[in-house]
Each structure stands twice: as structure tokens, then as C-alpha cells.
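K.L.:
let me see the structure of the following:
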Amino acid sequence: MLRLGWLSTGRDQAARDLLETVWEAIGRGEVKAEIAFVFSNREPGEAGESDLFFGLVKGYKIPLLTLSSSSFGISGPSRRLEYDRKVMGKLRRFKPDLLVLAGYMLILGEEMCQRYPMINLHPAAPGGPKGTWQEVIWQLIRARARASGVMMHLVTPELDEGPPLTFCTYSLRGARFDPLWKEVEKLPWEEVRARGEDLPLFQAIREEGLKREFPLIVATLRALGEGRVKIEGGRVLDRQDRAIPGHNLTAEIEKALAGKPG
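P.N.:
The predicted model follows:
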């Protein structure tokens, strides 16, 4: 059984929803894993949203570990390394197989990346745009992309540069998207960008990506628990121990969205 460490800042409803989704998938036996602990870079009393998250963690009787990055102060590289070492000291006794970054709002240093295999979600397919989800969507629109996706990747000190572990893709063309592309195709880029996140095309891309994020995280943990994909020495391997550029879970995610068994 996969032994998970869960890292989250716990800053919003999405952090609670994600933990709840995975916890329930484990409870139903869909994911062969256990959450050994939750670590947050906030402490109780630091913010109302994270306190709600901590309440959820305690309700599940999962060990909760905290160390406030704000109080610790991580402005310089040496201080940052010191913080990571304090965190690793807290995690050591739990011996996790894998750390899941689930809304963890800190970039991890090299030493911690080398110590633990870690995965994170990125709102684009392998080889797609980098940056925040907002930046990804604007890059897709500017490039008039025909498809996008969501991926789970290994965490490295270089933001969004870790190798893909799993992914799913979806089309940006068809009955829903074609009229939205037509709406912007003759507009100069500056005018498209000035319309902001209320732009219907922007909203449609966000919706398609967002609804695949939680299913992909659950499907990824299921695939890891079943040995269909593995992480060894910073590499991603298939069941036969062959190096692969990510495990494609598109069919599984589309079945989940359609309400069919995975």
C-alpha cells in the first residue's frame, strides 16, 4: 500500500475539497494508499481558511504537522534551506513513499526534492505552457491551441520543469469551442487580453481543465498503487520498468467524467 504524505497550505475551499476527494476514494478502496500525515506551512490560528482545513484533517484523525513559513522567515536561500531541513525533520518518522503537493504554496529546495519523490499538478499537457493556470490559458489562446490537458509531474527545484508522471488531454475545438474562437479570431491580441478572465473562451478552457484536475489526481494515485506507473530515481517507469514520457490517463478520466467505472 502506498504511504502518502500530504503537503498543503490549506488556504482555500479547493484544498479541503481535494483532501476530501482523495480521502473518500481511499475509503471506497479505489486508491490503494493511506495518508500518513498532513503537513502545512501554516499553523493553527494563522488564517481562517487554513484553520478550516486543519479541522478537516483532525476530523479524519490524520496526524497534522505544521511549521509556519511566515513566522520562520524564508527570504534568503540559506534561511530557506534551514526551513526545508526543519520540515524534513518533522516528516522523517513517517517514512512516506510519496509526497503529494496539494495546494502547497512554497517552492521546494533541491535537498528536499532529492530526499523525497514528490508530485504536483500542472494545468497543461506535457510540453504545454508553464506558469500559473491563468498564464497557461492566455498562452493557449494566443497560440490558438487546438488541445490542452492536465498533468501530474515530478517536483524539481525548477518550477513546472519536472518530468510528467501522468496526464490527460482534451480538445479545444468542437461545438463548444468553435464559436468562442470565432468571437476572438479577428481581434488584435491586445484587445483579447484586455477583456480579462471574463472572456467566454477563457472561462470555457478553465472549466474543461478544472473538471479534470481532481479525477486525474485520484487516477494517478490509483495507477501508482496498482503499479501501472512507477517513480524510481527521478524517472517515470511503466509496469515493465521501461522509462516513459508520462502515463496517459485520458480514457480513464473521460470515463470518470461520464460517470462510468474507471
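
K.L.:
before we move on, which element is the most centrally placed residue in the chain in?
P.N.:
Centroid-nearest residue in the chain: Leu121, 2.2 Å away (criterion: C-alpha atoms, centre = their mean). For Leu121, the host element (DSSP states H and E) is strand 118-122.

K.L.:
give me the angle between the following helix or strand past that strand and strand 118-122.
P.N.:
Per DSSP H and E, strand 118-122 leads on to helix 133-142 as the next helix or strand towards the C-terminus. Angle, helix 133-142 to strand 118-122, by axes from the mean of the first three to the mean of the last three C-alpha atoms, to 10 degrees: 50 degrees.

K.L.:
count of residues packed around Gln13?
P.N.:
Burial of Gln13 is recorded as 10 neighbouring residues (other C-beta atoms under 10 Å). Glycine gets a C-beta too; all of them are placed from N, C-alpha and C.

K.L.:
next up, the contacts around it.
P.N.:
Glu49 (C-beta atoms under 8 Å, 6 or more residues apart in numbering).

K.L.:
pLDDT score assigned to it?
P.N.:
On the pLDDT scale, Gln13 is placed at 94.

K.L.:
the residue located most distally from the centre of the chain sits in which helix or strand?
P.N.:
Most distant from the centre of the chain: Lys186, at 34.8 Å, with distances by C-alpha atoms, centre = their mean. When elements are assigned from DSSP H and E, Lys186 belongs to no helix and no strand.

K.L.:
if I look at it, how far off is Val192?
P.N.:
Separation of Lys186 from Val192 (C-beta to C-beta, to the nearest Å) stands at 10 Å.

K.L.:
repeat for Arg176
P.N.:
Taking C-beta to C-beta, one finds Arg176 at 18 Å from Val192.

K.L.:
okay, these two: which has more neighbours?
P.N.:
Between Arg176 and Val192, counted using other C-beta under 10 Å, Val192 has the larger neighbour count: 18 against 12.

K.L.:
tell me, what's the model's pLDDT at the residue nearest to the centre of the chain?
P.N.:
pLDDT, Leu121: 94.

K.L.:
gap between it and Tyr83?
P.N.:
Relative to Tyr83, and taking C-beta to C-beta, Leu121 is found at 23 Å.

K.L.:
equivalent analysis for Ala33, please.
P.N.:
Going from Ala33 to Tyr83 by C-beta to C-beta gives 27 Å.

K.L.:
tell me who's in contact with the closest residue in space to Leu2 that isn't next to it in sequence.
P.N.:
Excluding the flanking residues, the one nearest Leu2 by C-beta to C-beta, 6 or more residues apart in numbering is Ala33, at 3.8 Å. Applying C-beta under 8 Å, 6+ apart to Ala33 gives the contacts 1-4, 26, 221, 224-225.

K.L.:
out of the residues you listed, which is nearest to Glu158?
P.N.:
For the contacts of Ala33, the residue nearest Glu158 by C-beta to C-beta is Leu224; the value is 22.7 Å.

K.L.:
isn't that closest one right up against Met152?
P.N.:
No. Counting by C-beta atoms under 8 Å, Leu224 stays clear of Met152, with 9.5 Å between them.

K.L.:
more crowded one of those two?
P.N.:
Met152 (28 against 25).

K.L.:
so where does that one fall, helix or strand?
P.N.:
Short version, using DSSP H and E: Met152 is in strand 147-154.

K.L.:
and for Glu254?
P.N.:
Using DSSP H and E, Glu254 falls in helix 250-257.

K.L.:
so which elements touch that helix?
P.N.:
Contacts defined by 3 or more C-beta pairs under 8 Å, 6 or more residues apart in numbering; DSSP states H and E place helix 250-257 against strand 164-171, helix 200-225.
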